[in-house]
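>>> just a sequence and a predicted model for now, questions to come.
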Amino acid sequence: MAYTKEQVTEALKQVLYFPKGDNIISLKMVEDIKIDGKNINVTIVFPKPSDPAVNIVINTIKSEIKKTIDKKAIVNITQKSESKEENSLSGVKKIIAVASGKGGVGKSTVAVNLAIALSKTGAKVGLLDTDIYGPSIPIMFGLENARPEVINKNGKHKVIPIKKYGIHLISIGFFVDPEQALIWRGAMATNALNQLFNDAEWGELDYLVLDLPPGTGDIHLTLAQSYPVDGAVIVTTPQKVAMADVQKAVTMFNQDKIKIPIFGLIENMSYFIPAELPDNKYFIFGKSYSRSFCEKVNIPFLGQIPIVQSITESGDSGNPIVLDDNSPVNKAFVDLANNIMNSNILN
């Protein structure tokens, strides 16, 4: 069945732009609608590129079209701005958040290796460490003492991301003393996050991977409401007790004021593989509850990442494990990258 512009227009009438209290059709924010087979292309104009409602509107457009027209429709959004304010993310095609309900589950390890696995496909990839209070990206890339270059562009100071292993990197850890604890209130932390996003010269990227802080807080809300995040990966460990924290993360991303699609759940530390017995699996954390949890909340299960001694050593030495094609963990991260790239959320 061929889609029509009338169908798309009716769907877009259900998308509210809260700052002006009306739908995006009535407000004449939709500049163009083009249909090519299963592809529905919508061009939408916001008052300014840093509009806090951008992400909510974009994700609502996608969900309304899939809900009212066809869940298999491929929705592409082109974002424009009435303002001439520079948008540092204008060259970034897709933004992927890596989150966890709690700390200590290996979220940063997943974010780092996912970014490199995406890069190994030939994609241009950036990695932004948004964990303001506990940045770990500098250590995991062996860049503890690195400092990004700062240039003057059109009268504004712009930070040039550090590039290593093909990944464009920005972290608050590049700008603070690693031995000095950051004691910031919520507003200070969110201001720092906005600077990391907007003051970086990201250039053209196929994917920007975000390493989020653990839990659910101010950083997550700022991120969701201010930036066009395409989807989130949630990281957990196998124990049943960990699922309570995962449930909080799922609930957060599904809230109307956030509306970030979930790629699925990736289970880290699923089982232990000793180097001398690579065919053996030891489930040291017990039975996995991840698959049954995913069925319960209706999100995809993206796979399992085993524990091997080299994964810890590689993170501490600044040589992420996915760089080793012979590692038993390598395939898990490659599969994760492929699952995300082929997800309906990005296509």
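It's in. Numbering: from 1, shown residues only.
>>> what does stretch 271-278 contact?
Contact with stretch 271-278 is made by 280-284, 304, 306-310, 328, as judged by CB atoms under 8 Å, 6 or more residues apart in numbering. Quick note: C-beta positions are derived from backbone N, CA and C, even for glycine.
>>> which of those residues fall within strands?
304, 306-307 (DSSP state E).
>>> closest to Ser63 among these?
Within the ones in strands among the contacts of stretch 271-278, proximity to Ser63 (CB to CB) peaks at Gln304, which comes in at 29.0 Å.
>>> low pLDDT regions in the stretch 51-200 of the chain?
For the stretch 51-200 of the chain, applying pLDDT under 70 flags the ranges 51-52, 83-87, 176-190.
>>> in it, mark out all the helices, start to finish.
For the stretch 51-200 of the chain, the helices defined by DSSP state H, counting those that start in this stretch occupy 54-68, 107-119, 137-140, 186-198.
>>> helices or strands up against the third one?
Contact here means 3 or more CB pairs under 8 Å, 6 or more residues apart in numbering; DSSP states H and E; on that basis helix 137-140 packs against helix 107-119, strand 125-129, strand 167-171, helix 309-317.
>>> quick one, which of those is nearest to Val150?
strand 167-171 (11.9 Å).
>>> partner strands of the closest one and their direction?
strand 125-129 (parallel), strand 162-164 (antiparallel) (DSSP bridges).
>>> what angle sits between the first one and helix 107-119?
Here strand 125-129 runs at 170 degrees with respect to helix 107-119, directions being taken by axes from the mean of the first three to the mean of the last three CA atoms, to 10 degrees.
>>> all numbers from here: first residue = 18
Sure thing, new numbering starts at 18, so read that last one as strand 142-146.
>>> pull the residues that contact strand 142-146.
Residues outside strand 142-146 that contact it (CB under 8 Å, 6+ apart) are 109, 125, 128-129, 132-133, 135-136, 152-155, 178, 183-190, 213-214, 217, 219, 222-228.
>>> so which bits of stretch 35-50 are buried?
For stretch 35-50, the neighbour count (16 or more other CB atoms under 10 Å) marks 41-42, 46-47, 50 as buried.
>>> isn't Ile52 up against Gln24?
No - contact criterion CB atoms under 8 Å: Ile52 and Gln24 do not qualify, at 9.1 Å.
>>> who has more neighbours, the two?
For Ile52 versus Gln24, the count of surrounding residues by other CB atoms under 10 Å is larger for Gln24: 19 against 16.
>>> can you pull the contacts of the closest residue to the more buried one other than its chain neighbours?
Closest residue in space to Gln24, ignoring its immediate chain neighbours: Ile86 at 5.3 Å, by CB to CB, 6 or more residues apart in numbering. Ile86 makes contact with 20, 24-25, 28, 57, according to CB under 8 Å, 6+ apart.
>>> and Ile86, how far is that from Lys276?
18 Å (CB to CB, to the nearest Å).
>>> state the number of residues packed around Ser188.
27.
>>> sorry, that was for Ala349
Neighbour count for Ala349, taken as other CB under 10 Å: 23.
>>> can you pull the buried residues of the strand or helix carrying it?
According to DSSP states H and E, Ala349 maps onto helix 347-358. For helix 347-358, a neighbour-count test (16+ other CB under 10 Å) marks 347, 349-354, 356-358 as buried.
>>> just the closest of these to Glu284, please.
Ala349 (9.7 Å).
>>> was I right about that closest one contacting Val325?
No - between Ala349 and Val325 there is no contact, the gap being 10.3 Å when judged by CB under 8 Å.
>>> quick one, strands of the stretch 168-317 of the chain?
173-177, 179-181, 184-188, 222-228, 248-253, 279-289 (DSSP state E, counting those that start in this stretch).
>>> how distant is the third one from the center of its chain?
Read that as strand 184-188. 14 Å (CA atoms, centre = their mean, to the nearest Å).
>>> now for Lys137: which residues touch it?
Applying CB under 8 Å, 6+ apart to Lys137 gives the contacts 339, 351, 354.
>>> can we see that at 10 Å?
Shown in contact with Lys137 (CB atoms under 10 Å, 6 or more residues apart in numbering): 182-183, 339-340, 342, 347, 350-351, 354.
>>> pull the most distant pair out of those residues.
Using CB to CB, the contacts of Lys137 reach their maximum pairwise distance at Gly183 and Asn347, which is 15.9 Å.
>>> re earlier: just say which of the strands paired with strand 184-188 is most tucked in.
Neighbour counts (mean count of other CB atoms under 10 Å) averaged over each of those peak at strand 142-146, with a mean of 27.
>>> and the angle from that strand to strand 222-228?
For strand 142-146 against strand 222-228, the angle by the same axes, to 10 degrees is 20 degrees.
>>> please save the CA atoms from strand 142-146 in CSV.
In CSV, the C-alpha atoms belonging to strand 142-146 read as follows (Å, rounded to 0.1, in the frame of the first residue of the first chain):
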residue,chain,number,x,y,z
VAL,A,142,32.3,7.7,14.8
GLY,A,143,32.5,10.0,17.8
LEU,A,144,32.3,9.2,21.5
LEU,A,145,31.2,11.7,24.1
ASP,A,146,31.8,10.9,27.8
